[in-house]
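> Predicted model and sequence follow; I will ask about them next.
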Amino acid sequence: MKFSITTTLFILLIVAIGFVGYTLMDSGSEHVSRQLESELAEVMQEKDQKIASLELKIDELQAQLANETVVTETPTETTAPATGVLADLQSLKSRGIVLEPGSSGTDVKKIQAFLNTYFNTSGGIDGDFGPTTRKRVEQFQKDQKIGIDGGVGSGTLGKMISWMESR
């Protein structure tokens with residue numbers, strides 16, 4: 001009788017362990033799906049890091065190009081890259097771009113490059129239309145006797161282009 005009880009308990013224990021193992025274990029397709037999901041997440045993370053790295057490199061190169069657009073010591077003469085600034089301004093106007101404080105990106109960098117040329121400075125070109133850029137735009141608008149709103153729309157772009165063409 002002891003043997004029967006021990007054997008029965010042993011069998012129940014094995015069945016219980018088997019049941020727990022079966023319920024906790026993923027099926028083959030679930031396991032493969034989770035593994036592929038994990039691998040895909042890793043690949044996406046690597047791609048995101050590469051994209052971020054390339055975006056930084058692009059920003060650095062654009063800043064270098066913009067910094068090459070410098071006015072020489074005589075404010076009436078500009079270096080050759082200033083023609084790039086003129087082309088950039090014409091492109092902004094033809095596309096109907098309107099930039100305001102809070103804007104950011106490559107188009108803002110083009111305006112900042114113009115402002116560096118206009119003010120004969122080498123100020124930061126960070127693509128952020130913040131308070132400094134706004135003040136410089138307002139000063140340009142005041143100098144050109146146009147409406148002072150701190151934004152860059154068609155009218156301000158037209159004056160920027162005219163100023164560049166007169167150089």
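The structure has been received and is ready for your questions. Numbering: from 1, shown residues only.

> Determine the longest helix present in the protein.
helix 28-68 (DSSP state H).

> Distance from the helix or strand following that helix to the middle of the chain?
Where DSSP states H and E defines the elements, the next helix or strand beyond helix 28-68 is helix 82-94. How far helix 82-94 lies from its chain's middle: 22 Å, per Cα atoms, centre = their mean, to the nearest Å.

> what does stretch 83-96 give?
Distance of stretch 83-96 from the chain centroid (Cα atoms, centre = their mean) equals 21 Å.

> How about residues contacting that stretch?
65, 69, 99, 107, 110-111, 113-114, 117, 152, 154, 157-158, 160-161, 164-165 (Cβ atoms under 8 Å, 6 or more residues apart in numbering). Every C-beta, even on glycine, is put in place using the N, C-alpha and C of the backbone.

> And the buried ones among those residues, selectable in PyMOL?
Under the burial definition 16 or more other Cβ atoms under 10 Å, those of those that qualify are selected in PyMOL by:
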select buried, resi 69+99+107+110+111+113+114+117+152+157+160+161+164
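
> hmm, back to that, direction-wise, compare the longest helix of the chain with helix 82-94 and give the angle.
For helix 28-68 against helix 82-94, the angle by axes from the mean of the first three to the mean of the last three Cα atoms, to 10 degrees is 120 degrees.

> by contact count, what packs against helix 28-68?
On a contact count with 3 or more Cβ pairs under 8 Å, 6 or more residues apart in numbering; DSSP states H and E, helix 28-68 meets helix 106-119.

> Next secondary structure element downstream of the helix it packs on?
helix 131-143.

> Quick check: mean pLDDT of the helix or strand just after that next one?
Using DSSP H and E, the helix or strand that follows helix 131-143 in sequence is helix 154-165. On average, the pLDDT along helix 154-165 is 95.

> So which residues make contact with helix 154-165?
Applying Cβ under 8 Å, 6+ apart, the contact partners of helix 154-165 are 78, 82, 85-86, 89-90, 92-93, 96-98, 111, 114, 117-118, 137, 140-141, 144, 146-147, 152.
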